[in-house]
Structures are given as structure tokens and as C-alpha cells.
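In: Next one to model:
(one chain, ligands or ions: 2)
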Amino acid sequence: MAFSSKLISRGFATSTYLNSIKHVTVVGGGLMGSGIAQVAAQSGHNVTLVDLNEQVLQKSKGSIEKSLQRVAKKLYKDQEAEAKKFITESVSRISVSSDLKDVVKKTDLVVEAIVEKMEVKHKLFSEIDPVAPESTIFASNTSSLSITEIASVTKRKDRFAGLHFFNPVPVMKLVEVIRIPDTSDATYNQVMEWSKAIGKTPITCKDTPGFVVNRLLVPLLCEAVRMMERGDATAKDIDIAMKLGAGYPMGPLELADYVGHDTTLSIVEGWHKKFPDNPLFEPMKSMKELVQQGKLGVKSGEGYYKYTK
Ligand SMILES: CCCCCCCCCCCCC[C@H](O)CC(=O)SCCNC(=O)CCNC(=O)[C@H](O)C(C)(C)COP(=O)(O)OP(=O)(O)OC[C@H]1O[C@@H](n2cnc3c(N)ncnc32)[C@H](O)[C@@H]1OP(=O)(O)O
Ligand SMILES: NC(=O)c1ccc[n+]([C@@H]2O[C@H](COP(=O)([O-])OP(=O)(O)OC[C@H]3O[C@@H](n4cnc5c(N)ncnc54)[C@H](O)[C@@H]3O)[C@@H](O)[C@H]2O)c1
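Out: Ligands and ions are numbered 1, 2, ... in the order given. Alright, predicted model coming up:
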């Protein structure tokens, strides 16, 4: 597998030295799964993207192609043929399927990026554990759930880790690698090397709520929502304040829209259940209302703000 020096120097891919992972199964073709499938494919891995039905998968393919065009524009400015080749080759490495059990019969790594609900993740991993080869590594991209608890339904806790990516995956350079007490050295080394091979910078974290980034980010987002609900400042002014006063690329309410309110609600409700005495995780009124109204943020066209495609 050969990578161009351009991809490597711009952080899109690094050497495959020690990277023994060749085929990756990404489960969930939403915001995160599409991005993870894309970065794996553009760095030379064969990928199968799995979701519940063909309609969702066609949408995922469309968003991957759009994103690849943006990446190619940046990598191959004024080199139309090279850009086209990069897109065509990356797309050709991605196949799609709705038959997860069949796909995992032959795969080196499964990265799960489905809805943020423990029972749904449990069902998925308990179904594929008996079918996947012994050597296959399982990973979850959960934002807030315990990796140890997710892994508990499998018989391969030594081959289980958290791989927490950031949205938008093709742009954000970080991956948090979560090591549970059972994760073997071999598994840990393989997922660290694979994270580098797809052009990311991995950091290591214990299986602690929110890992590093969300433990610090969620309180900020929650406080911003409460500030807006109290009427201390408008959503727009809070966002402008944090961008111009604190140097954030997006304001906290813009970011909540970007992440998706169904995901944010699951995170806050999950932490409220776990830490009922911590007022920080008291679910917020406006967040529940948005989800009830189907206003999930950028992905549905409306959240705190309105979006046009
Ligand atoms: C109801 C609310 C309740 C809240 C309660 C709390 C809830 C808890 C929520 C927890 C969230 C957890 C989520 C998760 O676990 C962890 C996360 O992922 S957190 C999110 C991390 N991400 C960020 O912080 C993103 C910050 N934003 C940015 O970095 C930028 O704004 C942006 C997204 C990169 C966009 O940049 P802009 O300059 O605004 O816009 P451009 O369109 O010009 O893009 C810049 C540059 O990037 C390229 N690009 C953008 N998107 C893509 C893409 N999808 N694919 C490929 N390339 C992309 C674009 O082409 C530009 O390139 P350039 O032109 O510069 O070459
Ligand atoms: N949105 C973010 O910014 C973000 C960032 C980091 C991590 N995460 C985490 O990534 C995961 C996915 O989040 P998302 O924002 O991509 O969600 P999403 O709603 O955009 O996508 C989830 C996808 O999973 C599919 N799905 C649901 N159940 C499935 C199953 N049993 N089998 C196959 N596919 C199934 C859905 O059809 C959907 O396409 C969550 O665990 C979330 O916490 C999200």
C-alpha cells in the first residue's frame, strides 16, 4: 500500500509500518460512520460501511463523495487529474452492505458508530462476537458510554477498545484511544498504529466518563444552553462571544446543532442517570423540545438555527 508524500505531509495518512489492519467494517452510516469510512478508504484501507437499509447507505455514499471532493480540492489544487484519481480510488475502496453478520466474517477491525444507546450497542456486539474471526478487533466510537460496559457482552474484551473520533472526521485530527483494563498490549498497539495510518493523532485515555474532550466540552455546552434558556444572552450572541472572545471555531450552540440533538440528549440523559446529584447533567428543556419536534440540528435542517442544504 503506497501513500503519496502529499497525503502524508498534510496529515491525511502516515506510514503503514506496523499497521496490520487492511479491511475495516464501519457500522453506522450517519455523520460519524461516513467520515470514519472515508478517512480509512482515502488512506488505502478497504472498507465496508454497514447500515440498516439501502436508502441510508446511498445517502452516506453521497456525503462521502462530497467530502472527498473538498479534501481533493485542498490536496490537489490545480491538479484536476490527480484529484479525480484520488476520489475515484478512495470511492472504489468502499463497499456498502446491510448484512453486518456476513460482512464481519472477514474483517480486521469493526468500528461501531450507531445510535448512542447502550442496549442497541449491546445487541450489535453480542450478535457479531460469535461470527467474527478471533483476530478481529472491535471498537466503539461512543461519545459518552462506558467502553467496559459495551465490551461486557463479548468474549473478546482483550480485543476491544474505544476509538473516539471528532466531527467532522475528515477535518478533525484527534482520535481518543480508550484502553479498558482488559485491552491487550497487542490490541492497543494495533489501534494506535491504525489511527496514525489514517492520518490522525491518537491520544490515550482510561475509560472515564467523557474521556478527555467531552469531559471538558459537555459542561461548557450545557452551561451555554442554560444561559440562553435563562435569557442572559441570545444563542447568536453566546456563539459570537465564544468565537471572538475565546477563539473557538464554532460557538457552543452552533456546535450542539452540528453534533445533533438526538446524540446530545442521549449523552446528557445518560450522564444524568449515572450522576443524578450533579446539577450539571440535569437535561435541559430546550434540548428535549428540539428532539421532540424532530429539530436535530444541521442533519435535519434545523436546531437552534436553520440550515439550507
Ligand atoms: C441542545 C444542546 C445541548 C448541549 C448539551 C451538551 C451536549 C453534549 C454534546 C457533546 C458532543 C460530543 C460529540 C463528540 O463525541 C465529540 C465531537 O465531535 S465534538 C465536536 C468537535 N468538532 C468541533 O469542535 C468542530 C469545530 N468547528 C470547526 O472546526 C469548523 O467550524 C469546521 C467544522 C471545520 C468548519 O469550518 P468553517 O471554516 O466554518 O467552514 P468551511 O466550510 O470553510 O470549512 C473549513 C475547511 O474545512 C473543510 N471541511 C469542512 N467540513 C468538511 C468535511 N465534512 N469534509 C471535508 N472537508 C471539510 C472545508 O473544505 C474547508 O477547507 P479549506 O477550504 O480551508 O481548505
Ligand atoms: N455526532 C457527533 O458529533 C459525534 C462525535 C463523536 C462520536 N459520536 C458518536 O458516534 C455514534 C454515531 O453518532 P452519529 O452522530 O454518527 O449518529 P447518526 O444518527 O448520524 O448515525 C447513526 C447511524 O447508525 C445507524 N444505525 C442505527 N442502529 C444501527 C444498527 N443496529 N446497525 C447498523 N446501523 C445502525 C442509523 O441508521 C444511522 O445512520 C454515537 O455513538 C455518537 O455518540 C458522535
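
In: count of neighbours near the residue of the stretch 101-250 of the chain found nearest ligand 1?
Out: Each residue of the stretch 101-250 of the chain has a distance to ligand 1, by C-beta to the nearest ligand atom, and the smallest belongs to residue 143, at 3.1 Å. In this view, the C-beta of every residue, glycine as well, is placed from N, C-alpha and C. Using other C-beta atoms under 10 Å, the number of residues around residue 143 comes to 23.

In: Can you check my assumption that it lies in a helix?
Out: No - counting by DSSP: H, G, I helix; E, B strand; the rest coil, residue 143 is located in no helix; its state is coil.

In: Can you read off the backbone torsions of it?
Out: The phi/psi pair for residue 143 (degrees, to the nearest 10) reads phi -90, psi -30.

In: Dump the helix or strand harbouring residue 102 to PDB, keeping only the CA atoms.
Out: Residue 102 is located in helix 100-103, with elements delineated by DSSP states H and E. These are the backbone C-alpha positions of helix 100-103, laid out as PDB (Å, rounded to 0.1, in the frame of the first residue of the first chain):
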ATOM      1  CA  LEU A 100     -23.500  -7.000   9.200                       C
ATOM      2  CA  LYS A 101     -23.100 -10.600  10.200                       C
ATOM      3  CA  ASP A 102     -21.900 -11.600   6.800                       C
ATOM      4  CA  VAL A 103     -19.500  -8.600   6.400                       C
END
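
In: what's in contact with stretch 129-143?
Out: 21, 28, 32-33, 36, 101, 104-113, 116, 121, 125, 128, 147, 150-151, 153-156, 159-165, 187, 190-191, 214, 263, 267 (C-beta atoms under 8 Å, 6 or more residues apart in numbering).

In: ok, that stretch near ligand 2 or not?
Out: Yes - judged by C-beta under 6 Å from any ligand atom, stretch 129-143 comes into contact with ligand 2 at 141, 142, 143.

In: Stretch 218-227 now?
Out: No - for stretch 218-227 and ligand 2, the contact criterion (C-beta under 6 Å from any ligand atom) is not met; the two come no nearer than 11.3 Å.

In: quick one on the thing from earlier: now the element after the helix holding residue 102, going C-ward?
Out: Once helix 100-103 ends, the next helix or strand along the chain (criterion: DSSP H and E) is strand 109-112.
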